[in-house]
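Student: any chance you could fold what I've pasted below:
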Amino acid sequence: MPARVTDAIMLFGDSITQGAWEEGGFGHRLAHVYARKLDVVNRGLSGYNTEWALPVFEQVFPKKNQPGPKVKLLTLWLGTNDACILPSPQHLPLDRFIANLKQMISMVQSPDSEWYSPETRIILITAPPFNEAVREATLAMRDPPVALDRKSEVTRSYVDGAIALGKELNVAVLDVYTPIWDATGNGNTKKLEEYLYDGLHLSKTGYDVVFDLLIKTIEREFPDLHYDALPMVFPGWKDLDWENPRALSKQPMPSRVIDTILLFGDSATELAWVEGGYVQRLANLYARKLDVINRGLSGYTTEWALPVFEQVVPDLHLSQAPQHVPLDQYIFNLKRMIFMVRSPDSERYSPNTHIILLTPAPFNETVRGARLAARDPPIALDRKLEVTRSYADGVVALGKELGIPVLDVYTPIWEATGNGDTKRMEEYLYDGLHLSKLGYDVVFKLLIKTIEKEFPELHHDALPMVFPEYVALQRLILNSDA
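Tutor: You can find the predicted model right below:
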């Protein structure tokens with residue numbers, strides 16, 4: 001099993017959960033606000049009903065004797081597919097749907113359960129409404145055409161069932177159906193198109209509703225789990241003992257079901273959960289194939305990051321720069337991290353882990369200087385382009401020396417901005433130092449190309465899903481009935 005350091009929020013559900021990594025989805029927005037506090041683990045299963053999801057839940061939720069971090073918050077968001085009408089194979093009777101949800105909750109809350117987790121808070125999320133007219137038209141265009149597979153009044157009954165179950169078990173419920181239904185004038189077809197891009201799955205506007213309500217539910221029901229109430233897993237760089245960064249508390253290592261891409265770096269990595277950030281886009285591409293774990297540490301140098309790295313290892317990239325460390329020490333620190341993974345004598349030896357080094361990006365001296373000068377008290381410019389360039393060159397040279405692929409972020413941005421034109425750099429760096437959506441777009445595209453070129457077996461199109469697609473489940477059911 002791969003290693004992690006932080007406790008988690010687990011999102012368990014169907015395609016509307018799986019899609020939470022999409023741009024504007026609630027998953028990556030949660031991951032962004034909980035960065036370095038709680039990991040967000042997405043266990044969405046497109047097309048699944050609760051009957052098919054139950055055996056998966058038994059595999060992905062940690063057992064009570066399993067060492068490592070805990071699931072602090074669990075969202076259960078199912079029912080959209082259970083509420084299909086016959087003859088759809090996804091259909092599950094309402095009483096069976098409720099019984100399955102009850103079983104999942106009992107698995108977590110019952111002291112007699114193998115999965116008992118008293119520290120896990122649960123939020124039940126109801127199915128949203130859907131757009132009958134758009135859904136019917138979409139299905140009619142398939143080859144062969146498919147009849148409408150659900151009805152609004154049936155979906156509403158599953159929503160009411162989930163709400164009633166929450167009251168019965170004293171479990172928090174996030175009702176997604178009602179606010180969207182009300183906002184669209186009781187399901188007006190045209191207005192529903194704003195919330196459901198294909199009549200069934202949520203658009204960015206729909207996910208906005210979910211995210212805002214989820215944060216409010218956490219704040220109301222579990223205020224100790226609100227992101228503003230949680231400390232960082234590793235201290236902010238200003239709180240470190242800069243001369244003794246190893247004075248970090250050791251934390252237990254977790255276990256999981258899906259292997260990982262581990263992103264280790266500084267603020268360029270930590271902030272990459274933002275909409276359009278390369279981490280959000282990677283997580284969406286690798287959904288149900290590899291988990292993407294963000295271990296960005298804003299403001300950290302390689303010297304301060306090294307003892308953290310010792311606690312977090314497997315599949316990774318490295319993106320470093322700021323708070324001065326001499327170039328030779330910077331390269332030495334990167335080498336140590338690489339050898340920790342690659343050397344058979346290392347206790348963290350991982351021969352199946354592929355490494356990609358990322359160079360620091362250029363920065364905008366003019367904008368950075370102006371922003372620092374505007375602070376109270378003013379601060380002198382803390383970096384120089386020619387120095388950052390030398391660190392980028394050092395990473396490229398190290399990659400060649402050790403036979404490790406390097407993703408050079410510096411050069412394409414530098415060249416695209418006419419060798420660092422101040423005005424054009426503003427398109428790539430929103431504050432002179434941190435990448436904008438356009439800057440992250442460069443990183444994401446280069447990273448996918450690097451994976452495809454260097455490790456084609458890890459390209460998202462080459463990997464199977466960890467759990468089968470629901471259409472494969474349907475075939476198994478039909479064959480077993482034959």
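Student: next SSE downstream of the lowest-mean-pLDDT helix or strand in the chain?
Tutor: In the chain, no helix or strand scores lower on mean pLDDT, DSSP states H and E than strand 316-319, which sits at a mean of 35. Beyond strand 316-319 on the C-terminal side, the first helix or strand identified by DSSP states H and E is helix 327-342.
Student: average pLDDT for that following helix, rounded please.
Tutor: Taken as a whole, helix 327-342 has a mean pLDDT of 93.
Student: stretch 389-408 now?
Tutor: Stretch 389-408 carries an average pLDDT of 96.
Student: contact partners of it?
Tutor: The contact list for stretch 389-408 (Cβ atoms under 8 Å, 6 or more residues apart in numbering) reads 317, 320-321, 327, 330-331, 334-335, 338, 355-360, 362, 409-411, 443, 446-447, 450, 453-454. Quick note: C-beta positions are derived from backbone N, CA and C, even for glycine.
Student: buried set for it?
Tutor: Counting neighbours by 16 or more other Cβ atoms under 10 Å, one finds that the buried residues in stretch 389-408 are 389, 391-392, 394-396, 398-399, 404-408.
Student: what's the burial count for residue 359?
Tutor: 24 (other Cβ atoms under 10 Å).
Student: how much space between the residue nearest to it when sequence neighbours are not counted and residue 334?
Tutor: In space, and not counting its chain neighbours, residue 359 is closest to residue 392: 3.9 Å by Cβ to Cβ, 6 or more residues apart in numbering. To residue 334, residue 392 is 12 Å away according to Cβ to Cβ, to the nearest Å.
Student: anything in contact with each of those two?
Tutor: Shared contacts of residue 392 and residue 334, defined by Cβ under 8 Å, 6+ apart, are absent.
Student: and residue 105, what helix or strand is that in?
Tutor: Going by DSSP H and E, residue 105 is in helix 94-109.
Student: which strands and helices sit next to that helix?
Tutor: Judged by 3 or more Cβ pairs under 8 Å, 6 or more residues apart in numbering; DSSP states H and E, helix 94-109 is in contact with helix 50-60, strand 71-77, strand 121-125, helix 152-169.
Student: what are the buried residues along that helix?
Tutor: Buried-residue list, helix 94-109, by 16+ other Cβ under 10 Å: 97-98, 100-101, 104-105, 107-109.
Student: any idea how far the spatially closest residue to residue 103 that is not a sequence neighbour is from residue 214?
Tutor: Excluding its sequence neighbours, the residue lying closest to residue 103 (Cβ to Cβ, 6+ apart) is residue 54, at 6.5 Å. If you measure residue 54 against residue 214 using Cβ to Cβ, the figure is 23 Å.
Student: who has more neighbours, the two?
Tutor: Counting neighbours by other Cβ under 10 Å for residue 54 and for residue 214 shows that residue 214 has the greater number, 22 against 17.
Student: quick check: closest non-adjacent residue to that one.
Tutor: residue 174 (6.0 Å).
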